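Chemist: how does the following fold in three dimensions:
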Amino acid sequence: MQGKSQKIAFVGMLIAMSVVLTRFASIRLTIGSVEGVRIGFGTFPIILGGLIFGPLWGGVIGALADVIGFSLSPVGPYFPHFTLTSALYGVIPGILALLPFQRRTAQLFWSVLLPQVGIGCLLTPYFLHTLFDMPWKILLIPRLVSTPLGIVFYAFLLFGLSRTPVLAPSAHR
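Modeler: Numbering: from 1, shown residues only. Below you'll find the predicted structure:
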């Protein structure tokens, strides 16, 4: 990226993409009166932002995407727990982008796998269980299907993008 203006514009574009993909282009499954599972691609721009700009900007992209998305399309009351999870989708790949890997493909794969499993399958269901007393079995079963599909799809996209200047290591920080 050339300058600060371009960086801010690209970060804004990633936030907007995440908001649209999460809030307006996702399948939402409600359990009781609470959104229990959301199937979509809204975390991909956050992961991409963490890889390109590092953990701080990745966290900012995730947090702002959640807050802006909630203000545009609220589903129930606001809980900062989910802003934290959204931020972590950018922080974790951002940290992994700073670590030395022998192969770039391994770095990209782990940057998808860890947030999808750690946040999508563990942390988010934990928050839903503790906040709304939702049963674990109901929370985990749909995620056991959607998470592997998301991992494969996101990894495929990142591997394709890794052949472009967009994901050139350390080109944007």
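Chemist: check contacts around the residue most central in space within the chain.
Modeler: To find the centre residue of the chain, average its C-alpha atoms and take the closest one (CA atoms, centre = their mean): that gives T43, at 2.7 Å. Contact criterion CB atoms under 8 Å, 6 or more residues apart in numbering gives S18, T22, G62, S86, Y89, P115, Q116, G120, G150, Y154 as the residues in contact with T43. In short, each C-beta sits where N, CA and C put it, glycine included.
Chemist: again, 6 Å this time
Modeler: For T43, the contacting residues are Y89, by CB atoms under 6 Å, 6 or more residues apart in numbering.
Chemist: report pLDDT for it.
Modeler: We note a pLDDT of 94 for T43 in this prediction.
Chemist: separation between it and K137?
Modeler: Counting by CB to CB, to the nearest Å, the separation of T43 from K137 is 23 Å.
Chemist: any stretches of the protein with poor pLDDT?
Modeler: Under the criterion pLDDT under 70, the flagged ranges of the chain are 1-2, 28-38, 168-173.
Chemist: mind giving me the packing neighbours of the longest helix seen in it?
Modeler: The residue-count maximum for a helix in the chain (DSSP state H) belongs to helix 136-161. Secondary structure elements in contact with helix 136-161, counted by 3 or more CB pairs under 6 Å, 6 or more residues apart in numbering; DSSP states H and E, are helix 104-115.
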